[in-house]
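Trainee: here is the input, now give the coordinates:
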Amino acid sequence: MTSSLRNSLHRRNHKERSQLAHRTKLGILEKYKDYVQRARDYHSKQDRLTRLRQKAADRNKDEFYFSMIKEKTKGGVHIKDRGNTALPVDIVKVLKTQDENYVRTMRASNAKKIDSLKNQLTTMADLIRDPLVEDDEEGLDEGELKVLREAGILQTPKNRKRRRTNHILFADSIEEAKQLTSQPPKRLLPENTQSSATSPLTEVDLGWKSDERKRKRRKPSRPIVLATESVEDDTSDLDIARDGSQPQTTAKHRLLKELSARLRRDLQLRYAQREFEMQRLLMGKGARKKIAGVEKANGDQESDEEEDQDEIDARKGRRRNTTKKVDEETYKPRVYKWKSERKR
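Mentor: Numbers count the residues shown, from 1 in each chain. Okay, here's the model as predicted:
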């Protein structure tokens, strides 16, 4: 047994801030460190009072500064005037007009760049992916498609709930695959109805509209599965061509990212221009009433799409659940209504 362990066995267990049971109502006992802390605090306060008394005794009674009568306090807080003088209302109007013209100029420049980006994205042939090339990297994600719809390059689908069925066809060669993709889709009929369908029938006009035009407009979107080993060599050529178009894909993503930033900047500049115009009008004459204050922008409400009547009937008159995009840095300007006055 070591000496430290042997000595620790006979030591007394000291309890911190021990107090008798019948004196617990008086609180814990004060230790030496508590006394030191209390004494230092007391002496520091006494020293500060002594220094203040010494300064008051040594003060020059004839000492005077003009700031002693110019300065003022409000509610015990010292108020300091920086000496700025308010500009006349006419000059402020001119400055607001200059700011508005600058924002308008920047917005026009930004609009030209947006048109240039739209033209570049429209002329790119790789926006629509080849159905024979199945790769997620070459396709556009949901955010990029959303940017293209906001820019007006792609058309927004009216009915998103309708699911498209995929009909998989098997081909033995590239030529057969191209031939199948060029043909219009055929509806599968049961065996007992195929014979009756091939038999000649007299056409009877029942007043229904023919859907030949709709069939012509439909584009075949069926994936083709190649089944022979010789076709694998042809697909390798497609992979090589796809790898060669990698720089074009990178440029496409870069243009989409820049277009998204330009559209967000155009929204902010438009709201800033309207706010400057509102401030300039508020400085003029005329009674007005505040309708709405400054609020965060919840997307562009001016470019809302018109709902289709079929979509409204399918919802049975209920409101459409739309997710609005929120930009934390963009705020809508205030809305005021001026009293109609007769101009003479």
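
Trainee: where does this structure have low pLDDT?
Mentor: Within the chain, the set of residues satisfying pLDDT under 70 comprises 1, 14-17, 125-140, 155-165, 184-245, 248, 293-331, 344.

Trainee: quick one, phi/psi of the closest residue to residue 89 other than its chain neighbours?
Mentor: Sequence neighbours aside, residue 283 is the residue nearest to residue 89 in space, at 5.6 Å (criterion: Cβ to Cβ, 6 or more residues apart in numbering). Bear in mind the C-beta positions are built from the backbone N, C-alpha and C, glycine included. Main-chain torsions, residue 283, degrees, to the nearest 10: phi -80, psi -10.

Trainee: which parts of the one helix or strand residue 289 maps to are buried?
Mentor: Secondary structure assignment for residue 289, by DSSP states H and E: strand 288-292. Across strand 288-292, burial judged by 16 or more other Cβ atoms under 10 Å covers no residue at all.

Trainee: which outside residues touch it?
Mentor: Contacts to strand 288-292, defined as Cβ atoms under 8 Å, 6 or more residues apart in numbering, come from residues 282, 332, 334, 335, 336, 337, 338, 339.

Trainee: specify the beta-bridge partners of the second one.
Mentor: So that's residue 332. Beta-bridge partners for residue 332, by DSSP bridges, are residue 295.

Trainee: can you count the residues close to it?
Mentor: Neighbours of residue 332 under the rule other Cβ atoms under 10 Å: 16.

Trainee: I figured it hits residue 270, correct?
Mentor: No: under the criterion of Cβ atoms under 8 Å, residue 332 is not in contact with residue 270, lying 10.1 Å apart.

Trainee: out of the contacts of strand 288-292, which sit inside strands?
Mentor: Counting by DSSP state E, those place 332, 335, 336, 337, 338 in strands.

Trainee: turn those residues into a markdown table, including distance to residue 84.
Mentor: Below are the ones in strands among the contacts of strand 288-292 laid out as a markdown table (distance: Cβ to Cβ, whole Å):
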| residue | distance to residue 84 |
| --- | --- |
| 332 | 30 |
| 335 | 31 |
| 336 | 28 |
| 337 | 33 |
| 338 | 31 |
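
Trainee: for ChimeraX, what selects the buried ones among these?
Mentor: Here is the ChimeraX command that selects the buried residues among the ones in strands among the contacts of strand 288-292 (16+ other Cβ under 10 Å):
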select :332
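
Trainee: for residue 71, the count of nearby residues, please.
Mentor: Residues near residue 71, counting by other Cβ under 10 Å: 12.

Trainee: let me know the secondary structure of the closest residue to it other than its chain neighbours.
Mentor: What sits nearest to residue 71 in space, not counting adjacent residues and going by Cβ to Cβ, 6+ apart, is residue 78, at 6.8 Å. Under DSSP: H, G, I helix; E, B strand; the rest coil, residue 78 falls in the strand class.

Trainee: for residue 78, give its distance to residue 67.
Mentor: Distance of residue 78 to residue 67, given as Cβ to Cβ, to the nearest Å: 11 Å.

Trainee: one more: residue 33?
Mentor: For residue 33, the distance to residue 67 equals 47 Å [Cβ to Cβ].

Trainee: likewise for residue 53?
Mentor: Distance from residue 53 to residue 67, by Cβ to Cβ: 25 Å.

Trainee: same thing with residue 46?
Mentor: 32 Å.

Trainee: run the angle between the longest helix seen in the chain and strand 288-292 for me.
Mentor: Across the chain, the helix with the greatest residue count (assigned by DSSP state H) is helix 246-282. Angle, helix 246-282 to strand 288-292, by axes from the mean of the first three to the mean of the last three Cα atoms, to 10 degrees: 150 degrees.

Trainee: mind listing what's buried along helix 246-282?
Mentor: Within helix 246-282, the residues that qualify as buried are 249, 252, 255-256, 259-260, 262-277, 279-280, counting by 16+ other Cβ under 10 Å.

Trainee: equivalent analysis for stretch 110-122, please.
Mentor: For stretch 110-122, burial by neighbour count (16+ other Cβ under 10 Å) applies to 110, 114, 117, 118, 121.

Trainee: and the first one, how far from residue 258?
Mentor: Put plainly, it is residue 110. Residue 110 is 11 Å from residue 258, by Cβ to Cβ.
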